[in-house]
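**Q** quick one: sequence plus predicted model below, questions after.
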Protein chains: 4
Amino acid sequence: MATVKGGRVAVIGASGYGGLQTIRLLQGHPGLSVSFLGGERSAGQRWSSVCSFLPLPDDPKVESADPDRIAACSDFAVLSLPNGLACQLAPQLLERGVRVVDLSADFRYRSLEQWLQVYAKEAGSLNRQDAELCSSAVYGLPEWNGPAIADAKLVAAPGCFPTASLMPLLPFLKQGLIETSGIIIDAKTGTSGGGRVPKEAMLLAEASESIAPYGVIGHRHTSEIEQMAMEVAGQDIRLQFTPHLVPMVRGLLSTVYARLRDPGLTAEDCTTVLEAIYRHHPCVQVLPVGTYPATKWARHTNRALLSVQVDTRTGQLVLMSAIDNLIKGQAGQGVQCINLMAGLAPETGLPLQSFYP
Amino acid sequence: MATVKGGRVAVIGASGYGGLQTIRLLQGHPGLSVSFLGGERSAGQRWSSVCSFLPLPDDPKVESADPDRIAACSDFAVLSLPNGLACQLAPQLLERGVRVVDLSADFRYRSLEQWLQVYAKEAGSLNRQDAELCSSAVYGLPEWNGPAIADAKLVAAPGCFPTASLMPLLPFLKQGLIETSGIIIDAKTGTSGGGRVPKEAMLLAEASESIAPYGVIGHRHTSEIEQMAMEVAGQDIRLQFTPHLVPMVRGLLSTVYARLRDPGLTAEDCTTVLEAIYRHHPCVQVLPVGTYPATKWARHTNRALLSVQVDTRTGQLVLMSAIDNLIKGQAGQGVQCINLMAGLAPETGLPLQSFYP
Amino acid sequence: MATVKGGRVAVIGASGYGGLQTIRLLQGHPGLSVSFLGGERSAGQRWSSVCSFLPLPDDPKVESADPDRIAACSDFAVLSLPNGLACQLAPQLLERGVRVVDLSADFRYRSLEQWLQVYAKEAGSLNRQDAELCSSAVYGLPEWNGPAIADAKLVAAPGCFPTASLMPLLPFLKQGLIETSGIIIDAKTGTSGGGRVPKEAMLLAEASESIAPYGVIGHRHTSEIEQMAMEVAGQDIRLQFTPHLVPMVRGLLSTVYARLRDPGLTAEDCTTVLEAIYRHHPCVQVLPVGTYPATKWARHTNRALLSVQVDTRTGQLVLMSAIDNLIKGQAGQGVQCINLMAGLAPETGLPLQSFYP
Amino acid sequence: MATVKGGRVAVIGASGYGGLQTIRLLQGHPGLSVSFLGGERSAGQRWSSVCSFLPLPDDPKVESADPDRIAACSDFAVLSLPNGLACQLAPQLLERGVRVVDLSADFRYRSLEQWLQVYAKEAGSLNRQDAELCSSAVYGLPEWNGPAIADAKLVAAPGCFPTASLMPLLPFLKQGLIETSGIIIDAKTGTSGGGRVPKEAMLLAEASESIAPYGVIGHRHTSEIEQMAMEVAGQDIRLQFTPHLVPMVRGLLSTVYARLRDPGLTAEDCTTVLEAIYRHHPCVQVLPVGTYPATKWARHTNRALLSVQVDTRTGQLVLMSAIDNLIKGQAGQGVQCINLMAGLAPETGLPLQSFYP
């Protein structure tokens, strides 16, 4: 008897940017469908009054995230909530048989202790049960954890900066081609990464016509990147990560600097390293030597564009990676994980080509 | 008898961005005035028909850059021309007694050989005489070469990236506080740095809503930065410089990474290093620890905003520097040099405060 | 015997914005496929070297637009060329049995005389044959000329401004609800409407952080709008059309002012007028009273968003219409026409929902 | 004995956009100085910690707006507060001899009844005393009410839309050259007009890459424009005003449509009308026929750029007006009023030339 592929997906936090992207991606998806729209603030309202520009069939109501109601109609749930809320809702969904993809940071660390350290302020609600959940959650980077994701009950989708930064870096760590000390990640993101809740710094009047670093030293994504980097490298890693806010809506560029162990390697050699690892991954495109990724090329797609350059004077490796922070860096990656969990090809229903310009 | 301070300034290349900024800055300058508008394409036209939105008194004509005409009415000339043209005009002006500030790259290298290597394509016109001029030209970074600039006949204003990158870096090189290997400069600029001549990559439709690296490895400003860095450090330096194009008109941010020799130094210590060196320089503002510069804070000003952070886990120093690429990174720095040459305070007539937002 | 639906489409002018959008829309289209890539400047090159970020299967070569080569592999041709070129190529394609959708202005006027008057500068190449073609070409506004488009050999896709302006206006002209004198169209467009050829005014440094009118009185689209308006109204119309350049890549908003003949009509009444006419047109969305269209809601979609408001003090009608200038205003409308010509539903393969934000 | 000109100015609401602009304009003003910084939220803090990028001499403290404290050190007060607050503070300042320029809408209507109608929500605090104040306040459009402003105790600075719209319109109303019915104002503003308090619609992620109308029919500025238009025309006027939100920080463009009474008037004639009225007003620049204003030309200046065009087919007049909404549309106009009140030339200390681009 054939296994049924596909499934019904509840979207919790429907009117935020993560929720909106997820709903949009599931529209027209050949194997997945939206089964439930969860949102506290807009509970009870018709979707058309929450979001007039993205009409949904039969104009469903947004509802409060009741676990029984969700479980009655859903195989999967995507949680797009502020940090500290998913860890309360996820257990209730899991025990009712709903498989969960969480877009927040709640389950990204294997160790509850580390989570408490990094996200202390939001940690009030965590309890013993969550420690077990933390260690059982799968880090949802499909190109690196595909089989584990396919079998998972609970997936923690990576942050946008870790996604962009790890994609070009992990192959070199895995192959042992670079020094593990002195790695520097200089990352640049559009303002939609800050979410839809109004903040002064994200006003157009403030953020437009300006670029600025923020969270220099100790940004939360540093430890998330280090965790996965250490797992792949098999050794301790302390790296530098500096995010910058760029005056654009979407797009995230990560420029990664590392020292080659063998200074004789060329840009062509290093491009081959990336191509070898990502050859069968349709959501990754390795650019030819000398072509550098613009975030616009990745916009509205679930694709990561990677490029390599080498300074033969110094043996320095420069890795560049461009993604759409709300798609491959958030909702698209979530859908990619559900695709795997539902037995579908990872790229099913996901846009891979940008509308340029 | 009192020395007369101030002077009359010819602006050559008046309708490009460098020329426009220079003219705007000289409007209302208490010690300098515009004496001549040079421009080949618009020669013979009234200024109001070239640039209706920046009216000048008596609406002068734009003229072809005739050395005799210029010398008859000018003490100084600012050359804002494409690379390879200033080196033809400058000697003619100098021999007529006009002191020259060149905004192009023509005189930025002490060695003609290096210039030929880096700017080979434009080098056709250079000859023996220029080799002497090259070595006699003063690199126009006023905070570091003030006395030499004051006495100079020919000043080469630094590039925008070198200005922003050297300002925070030089103090640490001078004091010997950082390793001279492994320095990484990740820089971000608005599109006006590409000039006013139309190019596809600089169209709003192309550059907006996107960030991308370019000129990775081997960008021309690398060697310009290295030359000045080596001069101050007194030793050989090979550093990494990666420019990125940011979707904004103006502004340039340089994020510089270096390893501290003494990992015990704190961000406060390093801020003190900057403050000690720049205390009496009104065009530099050192920000308190934990405040990071936004380019918007420097926009339309001749000020460089500097900030430092230290990762005590790794002993890594992170330097941040924001300027307006067309003012402190180009025309404002040119006027700052002329101020010194004319016996005026360096900041005379230069805006130091931004209109925010 | 079943009629075969769908077809093979040649795209001429492949690397301009119109060509790029057409190719992107045909990727994944269930009934149409790209059969030929025409481009003079890039003839002979692989597509991947022209446009690395939009990979096509088998990486085809761009070719010179040879009519025989096109006819051998294509049922349809989309011409995305500068004004004055399509009228040379179209006849050669038509006589070889290729049905043509032209995105330029060459066939938008029924009268060759008017074309010569408005587009005089480009008119050198027009001859007797074209006068016949002009009068036989169908104006490709699918919601108004659907049956004629379905049967047409040659379709002239409307300009972006006429599309956005006519969509809300025509219903009121058809029903005789507004005065035909005193109609005012104040339109706003992103800079991609200016095409991909570099122009100073379209540089990010120039166009960003600014809005300005252009072509005030006598813009070419005035007469194109008037032609279609008169056809539907059955009487002479002289209207006011003022375009403005807005600092964004895509999007076009048309705000149309007209006087109601019956000042007692409400916004609800007028919304009903639009709904009645567009009810069965999936590429039009009429917004509820009090909701006004943002161009972002239409971005990357083939949808026109319409809204109405009435000033009961003055009997003035305000119509608002938002489209993506490169999709519903250009390439998407072209594909919509081919859908009809190929016997497909008009919205086949066309995106109707935006990725917001 | 010579009258002392100039004065000391208290800025109340110092950290909002209106306050910031006022402070910036008073820096370096030859006749006015900042005497007091008022702000409730940041009361007690040093200015440098509120606004690190705009250093003030001696780094003053921000204080609560105590009338006695203000009166002790100030000749003038600029109130940059939300609607409904100035009307509480102004009487207390006036009775202590401080002359007030209010940037809010509290005193823009001569009739308290109308104010209550339009600004009902904020009107709770208004009382009998205010009705007298309302009728005694002078509408602060210096080019039209100069002498009254010079003598005023209380000036209500006009809104940004009324400023831009009235400047080109009033001359034609005054001369009786246009029909007073059917006037249409289609206006476009940057997002800084929405202030610094975070709102979802003003986030870069929402407002960028989009243009949209808002407040269609019945926007508050409609009645403010009508009040002044009627005063100058001497007859009843009902006009159409539609604002649009443009993806830029600053800048406001007003496109005004009206019917000429004498259809034989040319664009040249109409330009002469503007020139005749504004000849001696240094904050107004009338552009030559065929040159249309870009808001960027007016950015960071206190200048209004005006242009006229005529459609000889229809006798329709098109007026265009560009200002910086935070300078000539707000704080700059406030300073211009104080200049007059202090016996200075109106443009004293105000920037009239933009840094382009």
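**A** Received it, and whenever you're ready, just let me know what you need.

**Q** A strand includes A:A10, no?
**A** Yes: applying DSSP: H, G, I helix; E, B strand; the rest coil, one finds A:A10 inside a strand.

**Q** okay, and the beta partners of it?
**A** A:F36, A:A77 (DSSP bridges).

**Q** hmm, A:L32 and it touching each other?
**A** No: assessed by Cβ atoms under 8 Å, A:A10 is found out of contact with A:L32, at 11.1 Å. Every residue, glycine included, has its C-beta placed from N, CA and C.

**Q** who has more neighbours out of the two?
**A** A:A10 (26 against 23; other Cβ atoms under 10 Å in any protein chain shown).

**Q** what's near enough to touch that one?
**A** Contact partners of A:A10, counting by Cβ atoms under 8 Å, 6 or more residues apart in numbering or on different chains, are A:34-38, A:70, A:73-74, A:76-78, A:98.

**Q** among the residues you listed, which ones are buried?
**A** Buried by 16 or more other Cβ atoms under 10 Å in any protein chain shown: A:34-38, A:70, A:74, A:76-78, A:98, out of the contacts of A:A10.

**Q** from the residues you listed, which is closest to A:L141?
**A** A:L141 has its nearest neighbour among the buried ones among the contacts of A:A10 in A:V78, at 16.3 Å by Cβ to Cβ.

**Q** tell me the contacts of the closest one?
**A** A:V78 touches A:9-12, A:18-19, A:22, A:101, A:103, A:331, A:334-335, A:338, counting by Cβ under 8 Å, 6+ apart.

**Q** burial of the nearest residue to A:A342 once chain neighbours are set aside, as a residue count?
**A** Sequence neighbours aside, A:G7 is the residue nearest to A:A342 in space, at 4.8 Å (criterion: Cβ to Cβ, 6 or more residues apart in numbering or on different chains). For A:G7, the neighbour count with other Cβ under 10 Å is 19.

**Q** returning to what we had before: rebuild the buried ones among the contacts of A:A10 as TSV, extending it with pLDDT.
**A** Shown next, in TSV, are these (pLDDT from 0 to 100):
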residue	pLDDT
A:V34	97
A:S35	97
A:F36	98
A:L37	98
A:G38	98
A:I70	98
A:S74	98
A:F76	98
A:A77	98
A:V78	98
A:V98	98
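
**Q** who in the stretch 151-300 of chain A is up against chain D?
**A** Counting by Cβ under 8 Å from any Cβ of the partner chain, the positions of the stretch 151-300 of chain A adjacent to chain D are A:190-192, A:194, A:196-200, A:202-209, A:247-249.

**Q** if I look at A:V308, how far off is C:R8?
**A** 38 Å (Cβ to Cβ, to the nearest Å).

**Q** so where is chain A shaky, pLDDT-wise?
**A** Scanning chain A for pLDDT under 70 picks out A:1-4, A:121-129.

**Q** about what we covered before: for PyMOL, write the selection for the buried entries among the residues of the stretch 151-300 of chain A next to chain D.
**A** Buried members of these, defined by 16+ other Cβ under 10 Å, are picked up in PyMOL with:
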select buried, chain A and resi 190+191+192+194+196+198+202+203+204+205+206+207+208+209+247+248+249
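
**Q** out of the residues of the stretch 151-300 of chain A next to chain D, name the ones that lie in helices.
**A** Using DSSP state H, the members of these that fall within helices are A:204-207.

**Q** the residue in the stretch 251-357 of chain A that chain D sits nearest to: what's it in contact with?
**A** Minimum separation of the stretch 251-357 of chain A from chain D (Cβ to the nearest Cβ) falls at A:L326, amounting to 9.3 Å. For A:L326, the contacting residues are A:17-18, A:21, A:160, A:192-193, A:250, A:332, C:355, by Cβ under 8 Å, 6+ apart.

**Q** got it, and A:W297?
**A** Shown in contact with A:W297 (Cβ under 8 Å, 6+ apart): A:305, A:322, A:354, A:356, B:210, C:52-53.
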